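# Sequence unavailable; structure follows:
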Ligand code: ATP
C-alpha cells in the first residue's frame, strides 16, 4: 500500500527571538501560516527491514540527514515496526530558504506512516516525534495559522488569514539557520510587535497584518545577502501591500489581495530572480489522502 501526503511550506508573519536558553535553543515567538507551495511525500511499505529514501532533486540528502528519514526511523523504533518503508519526496519548496521544507517533509512523513501502519497516534504522540527532529516540525504538523512559542514547538492556533496572494522570491543563495541565529546573538536586536500581529490576525485585518509584518532575523541575514534589501525595494515599487523575509531567509514574500497586482509582482520579479512563485495561503492541511 502507498500513502501520499502534501507537505506545505510556511511563511513567518512575525518572528521574534527572546534570547538564548541554557539548553542552547533560542526562545522564540512566531506567527506562522502555511501556503499553497507543497512538496509531496509518498510512503510505501516494503518487506525488508530498511528505510529507502529518494528525493526528486539530487542535492537533497537521502540518508539519516533527511528529516523525513529521521521521522521514519523514530516511528519504527518507538512502535517496534519490523517492516521497512520506501519514501519518495517530490520537492517543490526551495531548500534552505526559510520556508521549512525539510520540517514539512518530516511532518508529512509522520502523518503518512501513522496511516500506512495504522498506528492510531494521537496529536501528542505525533508532537513527541516532531520535537525530536526540529523546532518547526510541530507547526508543520498543525498547519494553518498559529502562534509558535518555546523553541517553536508550542502551538496555539489562530484564525485563518483573510484570502490573499503570496509572491515568493528566493535569491540565488542559501543560508544556514543555525548561523543566522548565532549572528543574531552578536547583534543589537530589532523586535517586531508579535502581539499586534496576533490582534491583526484575530481581527481579519489584512492592511494591519501587512503593517505589522516583522522579523528580528531579517537585518541579520540582510547583512550577508544584500539582495534581500534590493528585492524588498523592488517589490514595494511594484505594489506589494506587505513585504518580509521569511524565517532565517533568504526568501522574501510579498502579500496582496489583488490578482492584477499579484500578476505584476510575479512578472516583475521573474525578470529579477530565477526562483519566483505566486501562491495562495493554504487554509488547512487538505491531505491528498490517496491510497493506492
Ligand atoms: P527553516 O525555515 O525551518 O529554517 P529552511 O527552509 O531554511 O528551514 P530546509 O529547506 O528545511 O531549510 O533545509 C535545511 C537543510 O536541511 C538543508 O540544507 C538540507 O540539506 C537539510 N534537509 C534535511 N531534510 C530535508 C528535506 N526533506 N528537504 C530539504 N532539505 C532537507
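Nice, thanks for sending it over. All values derive from a computational prediction rather than experimental measurement. Numbers count the residues shown, from 1 in each chain.
# Can you name the residues that contact the closest residue to the ligand within the stretch 1-150 of the chain?
For the stretch 1-150 of the chain and the ligand, the shortest gap (C-beta to the nearest ligand atom) falls at residue 102, measuring 2.8 Å. Every residue, glycine included, has its C-beta placed from N, CA and C. With contacts taken as C-beta atoms under 8 Å, 6 or more residues apart in numbering, residue 102 has the following neighbours: 66-68, 95, 134.
# Select only the buried ones of those in PyMOL?
What follows is the PyMOL syntax for the buried subset of those, where burial is set by 16 or more other C-beta atoms under 10 Å:
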select buried, resi 66+67+68+134
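# which ones among the contacts of residue 102 come in contact with the ligand?
Contacts with the ligand are made by 66-68, 95 out of those, judged by C-beta under 6 Å from any ligand atom.
# Could you identify the most distant pair in these?
Across these, the longest distance by C-beta to C-beta is 13.1 Å; it joins 68 and 95.
# Looks to me like residue 87 is in a strand.
Yes - the secondary structure assignment for residue 87 places it in a strand, going by DSSP: H, G, I helix; E, B strand; the rest coil.
# Identify the residue nearest it in space, chain neighbours excluded?
Excluding the flanking residues, the one nearest residue 87 by C-beta to C-beta, 6 or more residues apart in numbering is residue 53, at 4.5 Å.
# That neighbour against residue 70, yeah?
No - using C-beta atoms under 8 Å, residue 53 makes no contact with residue 70, being 10.2 Å away.
# Flag every buried residue along the helix or strand that contains residue 37.
When elements are assigned from DSSP states H and E, residue 37 belongs to strand 26-46. Buried positions in strand 26-46, judged by neighbour count with 16+ other C-beta under 10 Å: 26, 28-44.
# so the residue nearest to residue 87 sits in a strand?
Yes - counting by three-state DSSP, one finds residue 53 located in a strand.
# in the stretch 51-200 of the chain, which spans are helices?
Listed in chain order, the helices of the stretch 51-200 of the chain (DSSP state H, counting those that start in this stretch) span 67-79, 101-116, 123-133, 137-142, 177-185, 194-202.
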